[in-house]
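# could you look at this predicted model? Sequence included:
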Amino acid sequence: MDFQLKQPQSEDELERYYELRWRILRAPWHEPRGSEIDNIEDQCFHIMATDANKVIGVGRLQYNSTNEAQIRYMAVDDSYEGNGIGSSIVNALEQEAARTKHNLIVLDAREPAVGFYEKLGYKAKQKSYLLFNSIQHYQMIKHL
């Protein structure tokens with residue numbers, strides 16, 4: 001599968017980036033549009049995968065401290081899963097973390113995604129939180 005990774009540059013690209021985040025991570029639980037955005041978006045590194053101008057995957061890296069970064073809001077369009085998009089996004093986020101000298105990456109993975117992250121070298125530490133009273137998350141870490 002041929003796709004490109006890029007940072008959203010325009011308002012239109014940002015809108016499509018957030019739309020995918022909402023559609024995959026919030027809409028199935030009837031969360032309103034806007035619930036996919038928080039108050040530190042402008043302080044984070046964003047990456048998206050596109051196929052012929054369609055946003056098919058997204059991810060965000062936030063900086064928790066001088067050495068710790070966190071992967072959040074990872075999503076891949078269901079019809080594009082299994083094509084290496086998620087691992088390419090994680091790789092790009094890890095490269096950005098290394099570039100900015102953040103040597104520890106943490107994340108809270110939804111239970112079905114734990115195996116995906118383990119294949120990329122992340123270690124599950126413990127249960128973290130239950131989202132929407134139904135989605136168990138696990139705290140995971142990786143040292144770069």
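Great, that's in hand.
# going forward, measure contacts between C-alpha atoms and count neighbours the same way
OK.
# can you verify residue 21 is assigned to a helix?
Yes: the assignment for residue 21 is a helix, going by DSSP: H, G, I helix; E, B strand; the rest coil.
# right, and it touches residue 78 too?
No: the pair residue 21 / residue 78 is not scored as a contact, 11.9 Å apart, by CA atoms under 8 Å.
# between those two, which one's more packed in?
More neighbours surround residue 21 than the other of residue 21 and residue 78, with 26 against 10 (other CA atoms under 10 Å).
# what's the closest non-adjacent residue to residue 3?
Excluding its sequence neighbours, the residue lying closest to residue 3 (CA to CA, 6 or more residues apart in numbering) is residue 51, at 4.9 Å.
# show me the contacts for the one you found.
The contact partners of residue 51, by CA atoms under 8 Å, 6 or more residues apart in numbering, come to 2-4.
# tell me the one among those residues nearest to residue 56.
residue 3 (8.7 Å; CA to CA).
# hmm, that closest one is touching residue 48, no?
No: contact criterion CA under 8 Å: residue 3 and residue 48 do not qualify, at 9.9 Å.
# could you check which of these two has the larger neighbour count?
Legend: neighbour count by other CA under 10 Å for residue 3 and residue 48, higher for residue 48 (30 against 19).
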